[in-house]
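Chemist: Structure for the following, please:
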Amino acid sequence: MTITPLAVPPPATAVDAWHDVVTAAHRHDLPAAAPAPGRVETEGKLSLSSVHGRTVRLAATAPDGAYDGVASLLLFTDEGNRHTAFLDVLAVHPRARRRGVGAALWEAVRAELTADGRTSVSTMLELGGGGEKFATGLGFENVLPLGWYVQNVRDALEAHLRPPELPEGYAYAQWPGVVPDTHADAFAAAHNAMEDAPSGDMDEQVTPWDADRVRAAAQVILDRGGVILSSAVLHAASGGSVAAYTELVLRDPSDVRAIQYDTVVTPDHRGRGLGRAVKRHMLGAVSLAQPGVREIATSVADDNGPMLAVNEQLGYRRERTAAVFQAKL
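Modeler: Below you'll find the model as predicted:
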């Protein structure tokens, strides 16, 4: 077994080998949970890094050339997070487990972190499984308990036939892909309201958003072959500022389960039901733009009471328990 970095972009054979590992591990470890990643998602993530940093991709290669395990590490490049990183993937094919593959990948990841001067690394894990046991054995600690919640689109639409009527002075807006120029600055300002979202004891700090960064983040999703939809509530009295928004992503256009990214209500507009309103508005948008989507999944921190209450009103059910784990180096 050898640990080798992937070329960017990787050849199709490397994408296939990587995809075989992550899908086999997913089916083994999460048999009743979310659908396994599609190949479009795998190829997209291997070909393009996030706007938040540069990605190191490592493969544990068997003598026959197959991948026994893979790891993907995001090294943040924004000034406030150059001390930390995020381990997006560390997966071992079920056929190759208990042979030291995971340990070898972790040592390679740790070497990258040390060489780059990082003092901590975080990852998201399901609770109660082999991943948690492996990580805690390496010194990772649970710093942000959370849950995955799933909404059935058809049931939610039937229960809430139309979006709530907004208070006077507010209006709905929506768009696919990159935010239109007319809303870009206001959309970026609303992203910065995420600063007060629960983050537990994570070292990672919220990075300030501007219009260019918002555009770039959406463009990466599109360039990876995915779909992004945004719904917003605008406040006319303040010049069309974005009072609330939610984003929905299909990492593969064929996905039947979409992922809800941020849902935000800015501080000056809270207490008016805008969170529930904008999420219900998104239900209508996705049912028209992507009629094959049957479910929407989202992760919510256990201490984010307001968002948990909104999700409960809209029919989300808790599917599985997870957490952000962090290790100090």
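
Chemist: show me what contacts the nearest residue to Asp223 once chain neighbours are set aside?
Modeler: When the adjacent residues along the chain are set aside, Asp223 lies closest to Leu48, with 5.6 Å between them (Cβ to Cβ, 6 or more residues apart in numbering). Placement of C-beta: from N, CA and C, glycine included. By Cβ atoms under 8 Å, 6 or more residues apart in numbering, the contact set of Leu48 is 220, 223-224.

Chemist: do His83 as well
Modeler: The neighbourhood of His83, defined by Cβ under 8 Å, 6+ apart, consists of 117-120, 203.

Chemist: can you check Pro9 too?
Modeler: Pro9 touches 46-47, counting by Cβ under 8 Å, 6+ apart.

Chemist: any idea how far Arg39 is from it?
Modeler: Computed as Cβ to Cβ, to the nearest Å, the Pro9 to Arg39 distance reads 14 Å.

Chemist: Could you do Gly100 as well?
Modeler: 28 Å.

Chemist: again with Ala71
Modeler: Distance from Ala71 to Arg39, by Cβ to Cβ: 19 Å.

Chemist: Please identify which of the two sits among more neighbours.
Modeler: With neighbours defined as other Cβ atoms under 10 Å, Ala71 and Arg39 compare such that Ala71 has more, 23 against 16.

Chemist: May I ask which helix or strand encompasses the more buried one?
Modeler: Element membership for Ala71, per DSSP states H and E: strand 67-76.

Chemist: which other helices and strands contact that strand?
Modeler: If contacts are counted by 3 or more Cβ pairs under 8 Å, 6 or more residues apart in numbering; DSSP states H and E, strand 67-76 sits against helix 12-29, strand 53-61, strand 85-92, helix 101-115.

Chemist: TSV please, covering the ones you listed and showing mean neighbour count.
Modeler: Shown next, in TSV, are the helices and strands packed on strand 67-76 (neighbours: other Cβ atoms under 10 Å):
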stretch	mean neighbour count
helix 12-29	18
strand 53-61	20
strand 85-92	23
helix 101-115	18
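
Chemist: export the ones you listed to a markdown table and tack on distance to Asp303?
Modeler: Listed next are the helices and strands packed on strand 67-76 as a markdown table, based on distance: least, Cβ to Cβ, whole Å:
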| stretch | distance to Asp303 |
| --- | --- |
| helix 12-29 | 26 |
| strand 53-61 | 27 |
| strand 85-92 | 21 |
| helix 101-115 | 28 |
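
Chemist: Output those in a markdown table; the columns should cover distance to Phe325 and mean pLDDT.
Modeler: Converted to a markdown table, the helices and strands packed on strand 67-76 look like this (distance: least, Cβ to Cβ, whole Å; pLDDT from 0 to 100):
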| stretch | distance to Phe325 | mean pLDDT |
| --- | --- | --- |
| helix 12-29 | 15 | 96 |
| strand 53-61 | 19 | 97 |
| strand 85-92 | 9 | 98 |
| helix 101-115 | 13 | 98 |
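
Chemist: of all those, which lies closest to Pro198?
Modeler: strand 85-92 (17.2 Å; Cβ to Cβ).

Chemist: can you dump the C-alpha coordinates of that closest one into CSV?
Modeler: Coordinates of each C-alpha in strand 85-92 appear next as CSV, following Å, rounded to 0.1, in the frame of the first residue of the first chain:
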residue,chain,number,x,y,z
ALA,A,85,-8.3,22.9,8.5
PHE,A,86,-11.3,20.6,7.7
LEU,A,87,-11.0,16.9,7.0
ASP,A,88,-13.8,16.4,4.5
VAL,A,89,-13.2,12.7,3.8
LEU,A,90,-11.3,9.9,5.4
ALA,A,91,-12.8,6.6,4.1
VAL,A,92,-11.6,3.1,3.9
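
Chemist: what helices or strands is that strand leaning on?
Modeler: Using 3+ Cβ pairs under 8 Å, 6+ apart: strand 85-92 touches helix 12-29, strand 53-61, strand 67-76, helix 101-115, strand 120-126.

Chemist: before we move on, the earlier item: using CSV, lay out the contacts of Leu48 together with distance to Leu127, secondary structure and pLDDT.
Modeler: Formatted as CSV, the contacts of Leu48 follow (distance: Cβ to Cβ, whole Å; DSSP: H, G, I helix; E, B strand; the rest coil; pLDDT from 0 to 100):
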residue, distance to Leu127, secondary structure, pLDDT
Val220, 29, helix, 97
Asp223, 33, helix, 97
Arg224, 28, coil, 96
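
Chemist: For the residue nearest in space to the middle of the chain, which non-adjacent residue is closest in space?
Modeler: By Cα atoms, centre = their mean, the chain has its centre lying nearest to Tyr261, at 6.4 Å. Closest residue to Tyr261 apart from its sequence neighbours, by Cβ to Cβ, 6+ apart: Glu247 at 4.0 Å.

Chemist: Looks like Pro10 contacts Trp18 (just checking).
Modeler: Yes - with contact defined as Cβ atoms under 8 Å, Pro10 counts as touching Trp18 (7.4 Å).
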